[in-house]
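S.K.: no FASTA, just this:
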């Protein structure tokens with residue numbers, strides 16, 4: 001088995017084709033020779049019967065045995081009277097007993113293959129016994145001829161065997177050509193893949209014409225390469241943006257330390273510490289968001305419990321009672337969703353932080369049930385739980401609503417109040433929503449921005465103390 005795996009696919013399929021072709025050609029040759037042999041044997045039996053019939057007719061007419069009994073040298077004939085005495089026979093059987101104990105018994109004729117005896121050791125003949133009706137009783141006429149060998153004729157066996165060999169070689173060669181032609185695009189795909197690296201991610205493998213499996217393989221490979229190219233591009237942009245955002249607070253802290261070293265009498269530890277804490281807080285936020293994105297990108301498993309969404313929002317609203325913005329919460333009870341409580345809490349925090357930065361004076365949070373939307377594609381079989389976070393800020397233009405969900409993207413013109421955001425809060429919120437089987441979109445609003453979160457509802461309410469998975 002291991003040695004077989006070392007051979008190429010072309011060699012293995014060619015070998016298999018050759019073995020199968022040889023077996024089938026041999027079987028075809030054997031069947032053909034058997035058919036020819038049977039046909040020839042049947043023809044010979046008819047000929048021997050005709051020879052015996054001619055002699056039997058002469059015997060019935062009362063002719064003496066002065067006519068030629070056989071016209072061919074390979075034929076033997078014996079005439080046996082009603083008493084079992086041999087009256088006449090061909091020269092090869094003179095003085096020998098009758099060639100077979102076979103009798104017609106009143107029937108026209110009977111035939112059998114007789115080996116040895118009067119024919120000699122190791123020789124077999126076809127013997128046909130026929131009755132000749134005379135007044136004193138039935139006489140028996142025996143006619144015989146050597147059996148036809150299996151190969152019938154040497155030249156015929158040579159022709160059939162040679163044709164079978166040529167057929168097997170032709171089928172094997174044809175199989176080799178077909179396999180080679182079929183796998184040639186695979187070799188081209190492999191060579192192209194060997195040359196594709198990080199410096200040329202935009203290259204694609206050649207797609208062969210036709211609609212076969214290799215065509216589909218090449219399409220799948222190109223789609224995979226396209227996804228990898230997009231992912232690499234996104235990672236490069238992400239690394240560039242992350243390094244830029246990380247460099248800003250680090251540069252601010254470095255400048256503060258250098259100023260303190262150059263003029264120590266003009267600063268104090270408290271002043272420098274308070275200044276650096278602002279940069280450290282921003283740095284900590286960026287690192288925390290980066291770690292969260294890394295976990296989401298890695299597909300880290302999360303809990304899948306039933307959560308009272310209204311209770312979660314109410315708890316978050318209580319924690320924000322000291323905010324400078326007015327927070328209005330309209331919560332419909334009994335809205336239960338499936339998800340991870342910590343991640344949903346992070347999603348809600350990011351939405352509220354974003355609204356707090358851009359709202360003029362009021363933030364409104366709504367939690368309610370809703371009917372399934374056609375845009376959801378039937379992903380909510382048990383209904384939809386909707387969470388809306390609406391601020392009264394300047395809002396977001398429709399053509400830029402998807403831009404805010406890109407990592408490190410901030411709309412400076414429309415959202416000029418965003419001084420503390422990292423550009424990762426909204427992308428993290430959408431990724432958490434999609435990981436939980438939901439959606440997060442920006443929809444139309446009379447004023448400000450309206451973020452709408454849709455999550456799959458759970459069919460049962462959560463237990464009072466311990467959250468359990470939905471059935």
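M.R.: Sure, I can see it. Small disclaimer: the values here were computed from a predicted structure and weren't measured.
S.K.: Which parts of the protein belong to which domain?
M.R.: 9-146, 213-297, 302-456 (automatic domain parsing).
S.K.: Throw those domains into CSV and include mean neighbour count, mean pLDDT and distance to residue 193, thanks.
M.R.: The C-beta positions use only the backbone N, C-alpha and C, and glycine is treated the same way. Output for the domains of the chain, formatted as CSV (neighbours: other CB atoms under 10 Å; pLDDT from 0 to 100; distance: least, CB to CB, whole Å):
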stretch, mean neighbour count, mean pLDDT, distance to residue 193
domain 9-146, 16, 86, 17
domain 213-297, 14, 80, 7
domain 302-456, 18, 81, 30
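S.K.: In JSON lines: these, plus distance to residue 189.
M.R.: What follows is the domains of the chain, written out as JSON lines (distance: least, CB to CB, whole Å):
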{"stretch": "domain 9-146", "distance to residue 189": "14"}
{"stretch": "domain 213-297", "distance to residue 189": "6"}
{"stretch": "domain 302-456", "distance to residue 189": "33"}
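S.K.: now the strands: where do they sit in the stretch 101-250 of the chain?
M.R.: 109-115, 124-134, 137-146 (DSSP state E, counting those that start in this stretch).
S.K.: I'd like to know which elements the last one is packed against.
M.R.: This points to strand 137-146. For strand 137-146, the elements it packs on are helix 9-60, strand 76-80, strand 124-134, judged by 3 or more CB pairs under 8 Å, 6 or more residues apart in numbering; DSSP states H and E.
S.K.: List the neighbouring strands of that strand plus their orientation.
M.R.: With DSSP bridges as the criterion, the sheet partners recorded for strand 137-146 are strand 76-80 (antiparallel), strand 124-134 (antiparallel).
S.K.: can I get those strands in CSV with distance to residue 50?
M.R.: CSV is the format used below for those (distance: least, CB to CB, whole Å):
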stretch, distance to residue 50
strand 76-80, 12
strand 124-134, 9
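S.K.: Can you tell me which of those is nearest to residue 142?
M.R.: strand 76-80 (4.3 Å; CB to CB).
S.K.: what packs against whichever strand or helix holds residue 288?
M.R.: Element membership for residue 288, per DSSP states H and E: helix 269-298. For helix 269-298, the elements it packs on are helix 213-262, helix 425-435, judged by 3+ CB pairs under 8 Å, 6+ apart.
S.K.: Including distance to residue 23, could the ones you listed go into a markdown table?
M.R.: Compiled in a markdown table, the helices and strands packed on helix 269-298 are given as follows (distance: least, CB to CB, whole Å):
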| stretch | distance to residue 23 |
| --- | --- |
| helix 213-262 | 27 |
| helix 425-435 | 57 |
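S.K.: Show me where the stretch 251-400 of the chain has its strands.
M.R.: 305-308, 326-331, 336-339, 362-370, 384-391.
S.K.: so which of the ones you listed gets nearest residue 141?
M.R.: If you check each of those against residue 141 by CB to CB, strand 336-339 wins as the nearest, at 100.6 Å.
S.K.: from the chain's centre, how far out does that closest one sit?
M.R.: With CA atoms, centre = their mean, to the nearest Å as the basis, the distance from the averaged C-alpha position of strand 336-339 to the chain average is 35 Å.
S.K.: same check, this time on stretch 114-131
M.R.: Stretch 114-131 has its C-alpha centroid displaced from the chain centroid by 66 Å (CA atoms, centre = their mean).
S.K.: ok, now stretch 86-97?
M.R.: When C-alpha coordinates are averaged (CA atoms, centre = their mean), stretch 86-97 and its chain have centres 78 Å apart.
S.K.: tell me how far the ends of that stretch are from each other?
M.R.: Looking at stretch 86-97, the gap from its leading to its trailing residue is 8 Å under the measure CA to CA, to the nearest Å.
S.K.: coming back round to it: which of the strands of the stretch 251-400 of the chain sits closest to residue 69?
M.R.: When the strands of the stretch 251-400 of the chain are compared for distance to residue 69 using CB to CB, the nearest one is strand 336-339, at 104.7 Å.
S.K.: which secondary structure elements does the closest one contact?
M.R.: Counting contacts by 3+ CB pairs under 8 Å, 6+ apart, strand 336-339 is packed against strand 305-308, strand 450-456.
S.K.: My read is that residue 267 contacts residue 259, right?
M.R.: Yes. With contact defined as CB atoms under 8 Å, residue 267 and residue 259 form a contacting pair (6.8 Å).
S.K.: Can you give the contact residues for stretch 109-126?
M.R.: In this structure, residues lying in contact with stretch 109-126 by CB atoms under 8 Å, 6 or more residues apart in numbering are 41, 44-45, 48-49, 52-53, 76, 93, 96-100, 102-104, 127-131, 144-147.
S.K.: Give me the distance between the two termini of that stretch.
M.R.: 13 Å.
S.K.: quick one, what contacts the residue nearest to residue 316 when sequence neighbours are not counted?
M.R.: Taking CB to CB, 6 or more residues apart in numbering as the measure, residue 316 lies nearest to residue 348, with 5.4 Å between them; neighbours along the chain are not counted. If you count contacts by CB under 8 Å, 6+ apart, residue 348 has them with 312-313, 316, 387.
S.K.: So which of those are in helices?
M.R.: Among the contacts of residue 348, the members falling in helices are 312-313, 316 (criterion: DSSP state H).
S.K.: got the strands of the stretch 251-400 of the chain as TSV, with distance to residue 242 columns?
M.R.: Formatted as TSV, the strands of the stretch 251-400 of the chain follow (distance: least, CB to CB, whole Å):
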stretch	distance to residue 242
strand 305-308	31
strand 326-331	32
strand 336-339	27
strand 362-370	29
strand 384-391	26
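S.K.: before we move on, the earlier item: now tabulate the strands of the stretch 101-250 of the chain in a markdown table and tack on distance to residue 208.
M.R.: As requested, the strands of the stretch 101-250 of the chain are exported to a markdown table (distance: least, CB to CB, whole Å):
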| stretch | distance to residue 208 |
| --- | --- |
| strand 109-115 | 62 |
| strand 124-134 | 62 |
| strand 137-146 | 62 |
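S.K.: can you put the helices and strands packed on strand 137-146 in JSON lines and add distance to residue 155?
M.R.: Converted to JSON lines, those look like this (distance: least, CB to CB, whole Å):
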{"stretch": "helix 9-60", "distance to residue 155": "12"}
{"stretch": "strand 76-80", "distance to residue 155": "26"}
{"stretch": "strand 124-134", "distance to residue 155": "22"}
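S.K.: And the ones you listed: which comes nearest residue 294?
M.R.: helix 9-60 (40.8 Å).
S.K.: tell me the angle the closest one makes with strand 109-115.
M.R.: When axes from the mean of the first three to the mean of the last three CA atoms, to 10 degrees is applied, the directions of helix 9-60 and strand 109-115 differ by 120 degrees.
S.K.: now for helix 9-60, which elements pack on it?
M.R.: Taking 3+ CB pairs under 8 Å, 6+ apart as contact, the helices and strands that helix 9-60 lies on are strand 76-80, strand 109-115, strand 124-134, strand 137-146, helix 154-195.
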